[in-house]
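Chemist: Whatever this is, show me its structure:
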Amino acid sequence: MKTINDTYGHPSGDVVIREIAETMAKASRDNDTAARLGGEEFALLFASTGATRAELAAKRLLEVLAEQHIEGVGKITVSIGVAACPEHANSERTLYAASDAALYVAKNEGRNRVSVAPLMQEELPAMRHRSN
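Modeler: Model prediction:
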């Protein structure tokens, strides 16, 4: 977004944000939630959707956004981080953290891509201390 704001101005950046928000709303079902977290970060929460389906939905969203022509700006790219419960997280807080970490992987690997959070490690039983 910095490049868009610096090159085309903040009003154009606002248009891009609205286009992304509208596209996300169209891509979601009645029981899903599309939201802007702030700045240039958005969340799309799919109800009752596992990691595989969430990744497919994210890839479709990436493709749809890449095909759009935004007036005054042209084509845009996005980076998407995907995480699902229980595969990648076990609470709202860890779900957000997992998706945020996956987003930064997508950005660091060249942007305009989808990255999926690593699987959450199964908790190991506590080690019992033996007295000899």
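Chemist: ranges for the strands of the protein?
Modeler: In order along the chain, the chain carries the following strands (DSSP state E): 33-38, 41-45, 80-82, 114-116.
Chemist: Export these as CSV, with columns for mean neighbour count.
Modeler: The C-beta positions use only the backbone N, C-alpha and C, and glycine is treated the same way. Supplementary listing: these in CSV, determined by neighbours: other CB atoms under 10 Å:
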stretch, mean neighbour count
strand 33-38, 12
strand 41-45, 16
strand 80-82, 24
strand 114-116, 22
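Chemist: what would these look like in a markdown table with distance to Asn90 and mean pLDDT?
Modeler: A markdown table is the format used below for the strands of the chain (distance: least, CB to CB, whole Å; pLDDT from 0 to 100):
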| stretch | distance to Asn90 | mean pLDDT |
| --- | --- | --- |
| strand 33-38 | 19 | 87 |
| strand 41-45 | 16 | 90 |
| strand 80-82 | 16 | 93 |
| strand 114-116 | 17 | 94 |
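Chemist: Dump these to JSON lines, plus distance to Asn108.
Modeler: As requested, these are exported to JSON lines (distance: least, CB to CB, whole Å):
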{"stretch": "strand 33-38", "distance to Asn108": "19"}
{"stretch": "strand 41-45", "distance to Asn108": "16"}
{"stretch": "strand 80-82", "distance to Asn108": "11"}
{"stretch": "strand 114-116", "distance to Asn108": "9"}
